[in-house]
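# model the structure of this input:
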Amino acid sequence: MRTDIIKDSEFKQWLVDLKSRIRQSQLRAAVKVNSELLRLYWDLGKDIVIRQMDTVWGSGFYKQVHKELKSEFPDMHGFSKSNLYNMKKFYLFYTQENTDFQQLAGKLDDTNFQQAVGNLGNTDNKSVADRTLYDEEFKSNILFSIPWGHHIEIFTKCKSIHEALFYVQKTIKNGWSRAMLMNFMDADLYHAQGKSINNFDKLLPDVQSDLAKETLKDPYNFDFLTLTENYKEKELEDALVDNITKFLLELGQGFAFVGRQYPIKVGSKERSIDLLFYHLELRCYVVIELKVKEFEPEHTGKLGYYIVAVDEQLKKDIDNPTIGLLICKTKDNIEAQYSLKSSSQPIGISEYSFSKLLPENFKSSLPSIEEIEKELNNEDE
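Numbering: from 1, shown residues only. Below you'll find the model as predicted:
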């Protein structure tokens, strides 16, 4: 028997593979446990709705169920009065009437769920009892792949099933924690994402075009910044770079910061790109130009110039075509569309907003360190 097994490279590799398989198994087990628990919550919510239990037995129903389950399963959490009521809301929300289920099905990736939603869409004027006809199909979809805490945030804040499933899918795809989910919901990612005016359909391959459109937002919310009135582009740029972590969070998943005032030499002149990023999922460079005033048509010309320069000097064969993003204070949508029709480079145009503007004389109205120290010394005396 060999005694140096710990040094054997084949053994080491086998251990690495084994540990990887164990982790994957743990993950699958965790997902399965979560899935089974959510299906239990769904069934409980269905019972309460279909049998109208809280109506038949009154407001004391939730308290009594909590008491009985707590007594029977003392180590099991999740059956508080408020959580039982959330189970009812969970079931009601995803089986609500008057929803365009057919349109919803076309937007989802899960085949089983598309089929289930399609069946629901064929039902007119659903009574409460009709919900049970599609219950098993409904329970076989992505709905049961995220934690319960995420669900509570989603079904209590979203206005439609379509919006809710947008956040469910984003959570699964990006592995969002509950805090991350709440941040993106507060920023209203559902309504902002993919809304920028762009010419991607015309200039990019279909797959990259769809993903690029989904990636860009309009508007971008810069409420994490505090600037004085009449700020300049450099000040906005400074503030964004100083808050680069929050800026990346607002840009969305996949953006990697490359540089600010990135030098690019064309001919004998060296110019500077405001902000340069690389998008890990799009597999391309993203050139961002900031404008603190209203959009002007010539802005797209300058941005297109930078896109060509990046494609010629930085882009590798494995990279997709560079795209540009112009973020301006305001824009006329028709004017922006006209400008993009004349551009030969893929560009998206979005606005930005924030509410924390300080008066120009704000700094001068603040006491200096010396004045504060003098006042404190006077109080001590």
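# which is the next helix or strand following the helix or strand hosting L249?
Taking DSSP states H and E as the criterion, L249 maps to helix 244-251. Going down the chain from helix 244-251, the next helix or strand is strand 255-266, by DSSP H and E.
# from the contact counts, what lies against that next one?
helix 233-242, helix 244-251, strand 269-279, helix 298-313 (3 or more Cβ pairs under 8 Å, 6 or more residues apart in numbering; DSSP states H and E). Glycine gets a C-beta too; all of them are placed from N, C-alpha and C.
# which elements pack onto the first one?
This means helix 233-242. So helix 233-242, by 3+ Cβ pairs under 8 Å, 6+ apart, packs with strand 227-228, strand 255-266, strand 269-279, strand 284-294.
# tell me the mean pLDDT over the third one?
Right, the one you point to is strand 269-279. On average, the pLDDT along strand 269-279 is 94.
# sort out which residues of that strand are buried, please.
I273, D274, L275, L276, F277, Y278, H279 (16 or more other Cβ atoms under 10 Å).
# pick out the most distant pair among those residues.
With Cβ to Cβ as the measure, no two of these lie farther apart than D274 and H279, at 16.4 Å.
# what does the model give the residue nearest to I264 when sequence neighbours are not counted for pLDDT?
Nearest non-adjacent residue to I264, counting by Cβ to Cβ, 6 or more residues apart in numbering: A309, 4.8 Å away. Looking at A309, its pLDDT stands at 96.
# and what of E289?
On the pLDDT scale, E289 gets 95.
# next up, the contacts around it.
By Cβ atoms under 8 Å, 6 or more residues apart in numbering, the residues touching E289 are I273, D274, L275, H299, K302, L303, Y306, G324, L325, L326, I327.
# of all the helices and strands packed on helix 233-242, which lies closest to P219?
strand 284-294 (13.2 Å).
# okay, the closest one in PDB with CA atoms only?
As requested, C-alpha coordinates have been extracted for strand 284-294 and formatted as PDB (Å, rounded to 0.1, in the frame of the first residue of the first chain):
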ATOM      1  CA  CYS A 284     -17.800  43.100 -25.400                       C
ATOM      2  CA  TYR A 285     -16.500  46.500 -24.400                       C
ATOM      3  CA  VAL A 286     -19.000  49.200 -23.400                       C
ATOM      4  CA  VAL A 287     -18.100  52.800 -24.000                       C
ATOM      5  CA  ILE A 288     -20.000  55.200 -21.800                       C
ATOM      6  CA  GLU A 289     -20.300  58.900 -22.400                       C
ATOM      7  CA  LEU A 290     -21.800  61.200 -19.800                       C
ATOM      8  CA  LYS A 291     -23.700  64.400 -20.700                       C
ATOM      9  CA  VAL A 292     -25.000  66.700 -18.000                       C
ATOM     10  CA  LYS A 293     -27.400  68.500 -20.300                       C
ATOM     11  CA  GLU A 294     -30.000  67.600 -22.900                       C
END
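# where are the low-confidence patches of the stretch 151-300 of the chain?
Nowhere does the stretch 151-300 of the chain drop to pLDDT under 70.
# rerun at 80
Along the stretch 151-300 of the chain, segments meeting pLDDT under 80 span 173-176, 187, 193-195, 228-229.
# so how do I select the buried members of the contacts of E289 in PyMOL?
Command for PyMOL, covering only those of those found buried under the criterion 16+ other Cβ under 10 Å:
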select buried, resi 273+274+275+299+303+306+324+325+326+327
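# got TSV for the contacts of E289, with distance to H151 too?
Converted to TSV, the contacts of E289 look like this (distance: Cβ to Cβ, whole Å):
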residue	distance to H151
I273	42
D274	40
L275	36
H299	43
K302	46
L303	41
Y306	43
G324	38
L325	33
L326	37
I327	33
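# and which of the contacts of E289 is nearest to F224?
I327 (14.7 Å).
# which residues does stretch 74-85 contact?
L37, Y41, L44, I48, Y62, K63, V65, H66, L69, K70, F73, W148.
# kindly recompute the last result at 7 Å.
By Cβ atoms under 7 Å, 6 or more residues apart in numbering, the surrounding residues in contact with stretch 74-85 are Y62, K63, V65, H66, L69, K70.
# which of these count as buried?
Y62, V65, H66, L69.
# shouldn't the last one be within a helix?
The reference is to L69. Yes: with DSSP: H, G, I helix; E, B strand; the rest coil as the criterion, L69 is assigned to a helix.
# does the residue nearest to it when sequence neighbours are not counted count as helix, strand or coil?
In space, and not counting its chain neighbours, L69 is closest to F79: 4.4 Å by Cβ to Cβ, 6+ apart. Three-state assignment for F79 (three-state DSSP): coil.
# F79: neighbour count?
19 (other Cβ atoms under 10 Å).
# which ones are touching the residue nearest to L275 when sequence neighbours are not counted?
Nearest non-adjacent residue to L275, counting by Cβ to Cβ, 6+ apart: I288, 4.1 Å away. I288 is in contact with D274, L275, F277, L325, I327, counting by Cβ under 7 Å, 6+ apart.
# tell me the phi and psi of I152?
phi -60, psi -40 (degrees, to the nearest 10).
# quick one: which helix or strand includes the residue most central in space within the chain?
In the chain, the residue lying closest to the centroid (Cα atoms, centre = their mean) is F184, at 4.9 Å. Secondary structure from DSSP H and E places F184 in helix 178-186.
# hmm, back to that, tell me the one of the contacts of I288 nearest I172?
Closest to I172, out of all of those and judged by Cβ to Cβ, is F277, at 24.6 Å.
# quick one: residues contacting that closest one.
Per Cβ under 7 Å, 6+ apart, neighbours of F277: F255, A256, F257, V258, V286, I288.
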